[in-house]
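Novice: Predicted model and sequence below, questions to follow.
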Amino acid sequence: MTLLVLVTAGCTDSDARAYTVPDKVCGVAVDSDLLSPFLPDGQKLTQRAYNSGQESPRCRLSVDGKLVVYLSGDVVPAETDPIKVQDRALLRLGNPASVDVGDSARVADNGAMAVGTCTYEGRQRKFVTLVQLQEKVPGKTSRRRDALRSFLGAYFPGAMAKQGCRQGS
């Protein structure tokens, strides 16, 4: 009987979060408390940063080999309206609503986007960040949206600066 209890306790522990939530996401400093709500329990968190072109950094966060958070950044021409261009994608993320981040931003049920005007390589451009959640974590949609808003507000300026986009220039 005692052996069964120990085995059951061991199984329960293996479902807990065994990794440390980082304070940097692919080189961008962020409060680990703001990232934590999107990360499920598991044994190992991995980050993979790569570029989809010189002006398009990407970042994938996976837990136990399963993608959980996808982040992208893009430097686009100043005349582009990324919110309008990505309208259908934002709708697919679920009920996008305006929030006060950057020049314009939307938070949806399973993702968020922010846009800011900047100077990049001496020219007026825009920087766009997209956050996509691959799992419904946290489970309650209102909590997930609140967490996305907080994370986006903290992550966006750092991602813009890391890309070399200077605000207010």
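Specialist: Nice, thanks for sending it over. These numbers were taken from a predicted model, which means no experiment stands behind them.

Novice: what stretches of this protein score poorly on pLDDT?
Specialist: Applying pLDDT under 70 to the chain flags residues 1-15, 168-169.

Novice: repeat that for 90
Specialist: Across the chain, the ranges flagged by pLDDT under 90 are 1-15, 52-55, 167-169.

Novice: Val101 and Gln43: what is the separation?
Specialist: Applying C-beta to C-beta, to the nearest Å, the value for Val101 to Gln43 is 33 Å. (Glycine included, C-beta is placed from N, CA and C.)

Novice: meant to ask about Ser98
Specialist: Distance from Ser98 to Gln43, by C-beta to C-beta: 38 Å.

Novice: Also Gln124?
Specialist: With distances taken as C-beta to C-beta, Gln124 is found 46 Å from Gln43.

Novice: What of Ala154?
Specialist: Separation of Ala154 from Gln43 (C-beta to C-beta): 26 Å.

Novice: of the two, who's got more company?
Specialist: Ala154 (18 against 13; other C-beta atoms under 10 Å).

Novice: Surely the more buried one and Asp33 touch.
Specialist: No: with contact defined as C-beta atoms under 8 Å, Ala154 does not reach Asp33; the gap is 9.7 Å.

Novice: any common contacting residues for these two?
Specialist: Residues touching both Ala154 and Asp33 by C-beta atoms under 8 Å, 6 or more residues apart in numbering: none at all.

Novice: what sits against Pro138?
Specialist: Listed by C-beta under 8 Å, 6+ apart, the contact set of Pro138 reads Pro37, Phe38, Arg144, Ala147.

Novice: how about the third one, secondary structure?
Specialist: In the three-state summary, Arg144 is assigned as helix, counting by DSSP: H, G, I helix; E, B strand; the rest coil.

Novice: what number of residues lie near Lys140?
Specialist: For Lys140, using other C-beta under 10 Å, the count is 10.

Novice: tell me the contacts of Gly116?
Specialist: By C-beta under 8 Å, 6+ apart, the contact set of Gly116 is Gly102, Asp103, Lys126, Phe127, Phe156, Pro157, Met160, Cys165, Gln167.

Novice: Which pair in the residues you listed has the greatest spatial separation?
Specialist: Farthest pair in the contacts of Gly116 (C-beta to C-beta) is Lys126 and Pro157. Separation: 14.1 Å.

Novice: What is the neighbour count of the closest residue to Pro37 other than its chain neighbours?
Specialist: For Pro37, ignoring the flanking residues on the chain, the nearest one in space by C-beta to C-beta, 6 or more residues apart in numbering is Ala147 at 4.1 Å. A count of neighbours around Ala147, defined by other C-beta under 10 Å, yields 22.
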